[in-house]
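[1] After the sequence you'll find the predicted model.
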Amino acid sequence: MRQSMLQAIVALATWVSGVTATAHGDTTQPDMMDVKQALGEKLSSNAEVILPSSKGFDNATGRWSLLEPPQVNIVAIPAIEDDVVQIVKFARDRNIPFLTYDGTHGASVTLGDMQHGLALSMRKMSSVKLSDDGKTATIGGGTMSKTVTDELWAAGKQTVTGTCECVSYMGPMLGGGHGWLQGHHGLVADQVESMNVVLADGQLKTLDRDSALMWAMKGAGHNFGVVTSVKVKIYDIQHHNWASETLVFSGDKVEAVYQAANDHLVRNGSQPTDVANWSYWMNQPSEDPNNPVIVFYILQEGVTAVDSAYSKPFHDIGPSSVTPAAGTYKDLAAWTQVSNDSPPCQKDGFAHPRFPIYLQSYNPAAQKEAFDLYASSAGPSSPFNTSIFMFEGYSTEGVRKVDSSSAAFAFRDDNILCSPLVSFKPPDDPTLISKAENLGQQLRNILLKGTGRDELHAYVNYAYGTETPEQLYGSEDWRQSKLQELKNQYDPNSEFSFFCPITRNPADECSS
């Protein structure tokens, strides 16, 4: 499933001669200082190179999930586009593995394959610049989703971004990218007009909609380059008002809740463009100190209160509480607990593996079976008691309007994104890690069986890391062939191989 020991040894051997990983606070070896100086001489005055003994190293390398994180020996922080070019060339010339750092919320265990490498932190390359005609914006490679939302909102504009405020703009986009406005405009990746990308050989290329590589960047982009900026379509704000209802249900109502979601919201893929549904299974002691509950959100655009046509069927089921709210688009992240201040945005020293699966509709019986397993395995007294099960139900009208063959993102016909997120404090005892993986896989497999199809469709940005390329990027032969041809052309040495690679060593590959 993972890289072989031989590969790890080779990766270490190709690191600068005499350089080994050191614990934070250890004396930095002279070779590391040489590397820092040699790289620093190639960069602009505002760029930074940070070693493990330096102030700020931990902050620059810290990740949201600590399950098999990459091992970093040195951090390079570019300030301008040419810095990225120089960093990639330097790493390539010295056989140093490298990984781009944006929001650091990717949790795939494949990230752990980067051993003794370089973190290319994009945090200084944050910008949002509107075009003179107000139809596009150019977004810097290190810009966070909330920054994009806030900057555009101040100008009376918006575009599709990831829903979570603390993730980068680029990370979700490279894997397709789901968002609140996708029912109107499509995925995050569907907004892209052009992008500047530093390729594996260090060349800076501008890709437009007719570029062959642009196809791959929209859904499998983590495998091909470092995006330094992207020009995207933006739109006038049509509705400032949004409303929500947060309904909490006990677990015995799980089948009724998701049947109502099918009937009144999902509607076989015809969910209205102005409505989204989200839900979590979670432990919420204020509602029930002994058992997990279902927290269900109905979100509606252009109103000050959710239309009763959507909310009444859920009221009739008998929630234990109902909390209405009114505000703007900028309130959605806080309402759904994915704002910068929310628990999911905190780097809390926990492991947070996810096990994503797309559905076309909810299977109420499978939902009940999965909830029962979740409740028995991740209840309040469990070591996994901070785990949640996420269900994201956006309108898909705008997504389906885009030709499925026009981008590497493969799952436009699916309507619901689900993912158990199994949170726990990483232990010395590996058996807990094994139990976490088994739980996540079991929960996902229950839903997969409920779909009636053999093939798993999984969102790459949430990937656990044992999914096959077919499960992440589509099983059609032409898709896999096209991805591989582009990989061979633009990254034949697999410099970009640490986040859900499109090519696996068959001996290491493991089906979910």
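    Arrived safely, thanks for sending. Residues are numbered from 1 along each chain as shown.
[2] how about the residue nearest to Gln86 when sequence neighbours are not counted, secondary structure?
    Distance criterion Cβ to Cβ, 6 or more residues apart in numbering; nearest residue to Gln86, sequence neighbours excluded, is Lys42 at 4.2 Å. To be clear about C-beta, it is placed using only N, CA and C from the backbone, and glycine gets the same treatment. Classification of Lys42 using DSSP: H, G, I helix; E, B strand; the rest coil returns coil.
[3] Show the contacting residues for the residue at minimal distance from the centre of the chain.
    Closest residue to the average C-alpha location of the chain: Asn461 at 3.5 Å, with Cα atoms, centre = their mean. Asn461 makes contact with 106, 171-172, 174-177, according to Cβ atoms under 8 Å, 6 or more residues apart in numbering.
[4] and Leu448, what is it in contact with?
    Here Leu448 is in contact with 357, 456 (Cβ under 8 Å, 6+ apart).
[5] so which strand or helix has it?
    Secondary structure assigned from DSSP states H and E places Leu448 in helix 430-451.
[6] need the helices for the stretch 301-450 of the chain, in chain order.
    Counting by DSSP state H, counting those that start in this stretch, the stretch 301-450 of the chain has these helices, from start to end: 308-315, 332-335, 364-377, 397-400, 430-451.
[7] if we can go back for a sec, residues contacting the residue nearest to Gln86?
    86-87, 90.
[8] nearest to Ala325, of those residues?
    Nearest to Ala325 among the contacts of Lys42 is Ile87, at 44.3 Å by Cβ to Cβ.
[9] To which secondary structure element is the nearest residue to the closest one once chain neighbours are set aside assigned?
    Leaving aside its sequence neighbours, Ile87 sits nearest to Ala76 (Cβ to Cβ, 6+ apart; 4.7 Å). Taking DSSP H and E as the criterion, Ala76 maps to strand 72-77.
[10] Check which helices and strands that strand sits against.
    helix 30-40, strand 48-50, helix 57-61, strand 117-121 (3 or more Cβ pairs under 8 Å, 6 or more residues apart in numbering; DSSP states H and E).
[11] okay, these, which one's buried deepest?
    strand 117-121 (a mean of 23; mean count of other Cβ atoms under 10 Å).
[12] Serialize the helices and strands packed on strand 72-77 to TSV and add fields for distance to Pro469.
    Shown next, in TSV, are the helices and strands packed on strand 72-77 (distance: least, Cβ to Cβ, whole Å):
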stretch	distance to Pro469
helix 30-40	33
strand 48-50	34
helix 57-61	28
strand 117-121	22
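[13] Residues in a beta bridge with the nearest residue to Ile74 once chain neighbours are set aside, which ones?
    Closest residue to Ile74 apart from its sequence neighbours, by Cβ to Cβ, 6+ apart: Leu118 at 5.2 Å. Beta bridges link Leu118 to Ile74, Phe98, judged by DSSP bridges.
[14] residues contacting Glu68?
    By Cβ under 8 Å, 6+ apart, the contact list for Glu68 reads 109, 111-112, 465.
[15] what does Leu432 give?
    By Cβ under 8 Å, 6+ apart, the neighbours of Leu432 are 383, 424.
[16] roughly how far apart are it and Leu373?
    17 Å (Cβ to Cβ, to the nearest Å).
[17] Among the contacts of Asn461, which one has the most neighbours?
    Leu174 (31 neighbours; other Cβ atoms under 10 Å).
[18] In this structure that residue contacts Gly225, no?
    No: counting by Cβ atoms under 8 Å, Leu174 does not reach Gly225; the two are 9.5 Å apart.
[19] What is the neighbour count of Lys55?
    7.
[20] Kindly state the domain boundaries assigned to this protein.
    Domain segmentation of the chain under automatic domain parsing yields 5-121, 128-236, 241-469.
[21] Can you tell me which of those is packed in deepest?
    The highest mean neighbour count among these, using mean count of other Cβ under 10 Å, belongs to domain 128-236: a mean of 22.
[22] what's the average pLDDT for that domain?
    Average pLDDT, domain 128-236: 98.
[23] list the contacts for Asp230?
    Not Asp; residue 230 is Val. 138-139, 141, 169-170, 173, 192, 194-196 are the contacts of Val230 under Cβ under 8 Å, 6+ apart.
[24] now, which of those lie within strands?
    Using DSSP state E, the subset of the contacts of Val230 located in strands is 138-139, 192, 194-196.
[25] Save those residues as a markdown table, and put in distance to Thr386 too.
    Shown next, in a markdown table, are these (distance: Cβ to Cβ, whole Å):
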| residue | distance to Thr386 |
| --- | --- |
| Thr138 | 39 |
| Ile139 | 33 |
| Val192 | 35 |
| Ser194 | 41 |
| Met195 | 37 |
| Asn196 | 39 |
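[26] now, which of the residues you listed sits nearest Asn438?
    Among those, and counting by Cβ to Cβ, the member closest to Asn438 is Val192, at 38.2 Å.
[27] any idea how far that closest one is from Gly103?
    Applying Cβ to Cβ to Val192 and Gly103 gives a distance of 18 Å.
[28] Averaged over its residues, which helix or strand of this structure has the lowest pLDDT?
    helix 5-14 (a mean of 37; mean pLDDT, DSSP states H and E).
[29] quick one: low-confidence ranges for the chain?
    Residue ranges of the chain with pLDDT under 70: 1-30, 504-512.
[30] Now render the domains of the chain as a markdown table, adding distance to Glu476.
    As requested, the domains of the chain are exported to a markdown table (distance: least, Cβ to Cβ, whole Å):
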| stretch | distance to Glu476 |
| --- | --- |
| domain 5-121 | 23 |
| domain 128-236 | 13 |
| domain 241-469 | 7 |
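[31] wait, which of the ones you listed is closest to Leu486?
    With Cβ to Cβ as the yardstick, what comes closest out of the domains of the chain is domain 128-236 (4.8 Å).
[32] Show the end-to-end separation of that closest one, please.
    16 Å (Cα to Cα, to the nearest Å).
[33] same check, this time on stretch 99-111
    Note: stretch 99-111 ends 9 Å apart using Cα to Cα.
[34] Then stretch 126-141?
    6 Å.
[35] got a list of contacts for that stretch?
    84, 102, 122, 125, 142-144, 147-148, 151-152, 155, 157, 159, 169-170, 193, 226-234.
[36] ok so, going back, tell me which other helices or strands whichever helix or strand comes after the helix holding Leu448 touches.
    Moving toward the C-terminus from helix 430-451, the next helix or strand (DSSP H and E) is helix 469-473. For helix 469-473, the packing partners by 3+ Cβ pairs under 8 Å, 6+ apart come out as helix 477-490.
[37] Many thanks, we can stop here.
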